[in-house]
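Participant: return a 3D structure for these sequence lines:
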Amino acid sequence: MLALLMSTTKAALVILVGVLLCIPLYRVLRWNPRQLALCLGIGLPLVVLIGSGIVGNFEDLLAEIGRNTTLSGRTLIWPLVLENIRLHPWFGYGYNTFWLHGWEGDAAVLWSQLPRGFEPPHAHNAYLDVLLSFGWVGFAVFMGNLAAFGYRACRWIRTCPTAEGMAPLMLFVFMLLVNITE
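Facilitator: The predicted model follows:
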């Protein structure tokens, strides 16, 4: 924990806080179905209200942690990657081959549209990298496996009442969040 606080990475810190803030929600999943439905009826509008507050003040929140809306240049890459995904939509370019040949490969067109000297070795978003590498077919398989894991994690939290029962769901939320920025 100390290493995370001493590092300059803000994404990891935000992800950690996000996973830890979900712990009370994980406990709610253990309630009986009636209590769970009541909690969702009250909690869902509250989550929407908080979420809209975060979205409405996103620039100010990023400024508080020393970042801007490009998320350290990540959002500059994403539209360019999407353009390249459209060129090979079904099966992609193959595992990591888009970035493989540098200035003599497919990434050269993307890099030429970025600020000078900024040559990312990946899309800084795992979902976009899966689309780029494996296309929509591979992305469907990836998301199917991710959804199956999330479903099993939610079932596990109901069957295992100990603190360890929350671990799969915490890992699932962590994977969802970290794959957006890394």
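
Participant: so where's the chain uncertain?
Facilitator: 1-11, 54-74, 101-108, 111-115, 117-119 (pLDDT under 70).

Participant: chain center to stretch 116-126: distance?
Facilitator: 16 Å (Cα atoms, centre = their mean, to the nearest Å).

Participant: can you give me the buried ones in that stretch?
Facilitator: By 16 or more other Cβ atoms under 10 Å, the buried positions in stretch 116-126 come out as Pro120, His122, Ala123, His124, Asn125, Ala126. Placement of C-beta: from N, CA and C, glycine included.

Participant: how near is Arg30 to Thr159?
Facilitator: Distance, Arg30 to Thr159, using Cβ to Cβ, to the nearest Å: 9 Å.

Participant: quick one: which of these two has more around it?
Facilitator: For Arg30 versus Thr159, the count of surrounding residues by other Cβ atoms under 10 Å is larger for Arg30: 15 against 8.

Participant: coming back round to it: wait, which of the buried residues of stretch 116-126 is closest to Tyr95?
Facilitator: Ranked by distance to Tyr95 (Cβ to Cβ), the buried residues of stretch 116-126 are led by His122 at 11.8 Å.

Participant: chain neighbours aside, what residue packs nearest to that closest one?
Facilitator: In space, and not counting its chain neighbours, His122 is closest to Asp129: 5.6 Å by Cβ to Cβ, 6 or more residues apart in numbering.

Participant: tell me the secondary structure of Pro89, please.
Facilitator: coil (DSSP: H, G, I helix; E, B strand; the rest coil).

Participant: so it is in contact with Leu132, correct?
Facilitator: No: the criterion here is Cβ atoms under 8 Å, and Pro89 misses it with Leu132 at 10.4 Å.
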